[in-house]
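Asks: predicted model, plus sequence, below.
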Amino acid sequence: MDTKIAGLTTKATQKELKDIKIFNRRAIELSNNSLIRNGYKLRVGLQISNEDGPSYDIESLPPKENFKALLLDFRHFWSNDEPCNFLRILKIVTRHIPEARNITRELKNMWKEALFGSLSIMVDDNSLTPNALLSLWINAEHFHNDSSDREELDALFERLTRDFIESLLVVSVFQCCNAILRLNGMLEKVDN
């Protein structure tokens with residue numbers, strides 16, 4: 001498989017190779033993030049009582065600035081407009097290296113499970129996926145000032161605790177980061 005991956009240099013377009021190099025550079029930056037480099041474990045418990053409703057036991061959320069730094073690195077892979085978007089790079093590999101389809105399918109499933117499949121919260125008949133929460137968090141909390149997203153996020157904070165919402169994001173982002181780093185491990189074999 002290594003020679004097939006290395007063969008991307010003769011099969012992929014110059015634009016695709018440039019995007020792969022960007023992906024590699026950004027993945028290295030991601031791997032150097034303190035939360036990724038040092039490892040991080042989160043434990044979340046949920047109890048539902050008839051009298052008191054739901055309560056959450058969240059152990060050790062990452063420090064706010066550390067998580068913000070992780071999101072800053074992560075959003076390059078998540079945003080559809082970025083040349084190093086994870087799913088875009090997977091398509092390039094799948095298109096040019098058919099033998100890698102089992103691996104790319106597995107990585108795509110990991111990504112989609114983390115953002116769309118693992119957990120969905122129903123709020124007033126609306127399904128709220130980790131991907132939707134991530135969009136709200138990025139657009140209202142950290143990197144943009146979208147007022148409608150801010151209102152929606154504040155309304156969620158009134159119904160679910162901020163720590164609970166953040167714990168969902170942390171779990172999803174870490175699962176996606178695992179997929180990113182696995183794909184980058186494959187792509188490091190591409191000739192520069």
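Replies: Right, received. Where do you want to start?

Asks: what is the lengthiest helix in the chain packed up against?
Replies: Identified as the longest helix of the chain according to DSSP state H is helix 162-187. Under the contact criterion of 3 or more Cβ pairs under 8 Å, 6 or more residues apart in numbering; DSSP states H and E, helix 162-187 touches helix 14-31, helix 34-37, strand 43-49, strand 53-59, helix 64-78, helix 86-96, helix 101-112, helix 130-136. The C-beta positions use only the backbone N, C-alpha and C, and glycine is treated the same way.

Asks: one more time with 7 Å, if that's ok
Replies: Applying 3 or more Cβ pairs under 7 Å, 6 or more residues apart in numbering; DSSP states H and E, one finds that helix 162-187 contacts helix 14-31, strand 53-59, helix 64-78, helix 86-96, helix 101-112, helix 130-136.

Asks: gap between it and the chain center?
Replies: 4 Å (Cα atoms, centre = their mean, to the nearest Å).

Asks: give the buried residues for that helix.
Replies: Within helix 162-187, the residues scored as buried using 16 or more other Cβ atoms under 10 Å are 164-177, 179-180, 183-184, 186-187.

Asks: relative to helix 14-31, how tilted is it?
Replies: Relative orientation of helix 162-187 versus helix 14-31 (axes from the mean of the first three to the mean of the last three Cα atoms, to 10 degrees): 130 degrees.

Asks: still on that earlier bit, ranking the helices and strands packed on helix 162-187 by mean pLDDT, which is last?
Replies: When those are ranked by mean pLDDT, strand 53-59 comes last with a mean of 64.

Asks: so what's the closest residue to Ala27 other than its chain neighbours up against?
Replies: Nearest residue to Ala27 in three dimensions, chain neighbours excluded: Asn184, at 3.6 Å (Cβ to Cβ, 6 or more residues apart in numbering). Contact partners of Asn184, counting by Cβ atoms under 7 Å, 6 or more residues apart in numbering, are Phe23, Asn24, Ala27.

Asks: which of those residues lies closest to Val93?
Replies: For those, the minimum distance to Val93 (Cβ to Cβ) is 10.1 Å, reached by Phe23.

Asks: okay, now Leu61: neighbour count?
Replies: Residues lying near Leu61 (other Cβ atoms under 10 Å) number 18.

Asks: gap between it and Asn85?
Replies: 27 Å (Cβ to Cβ, to the nearest Å).
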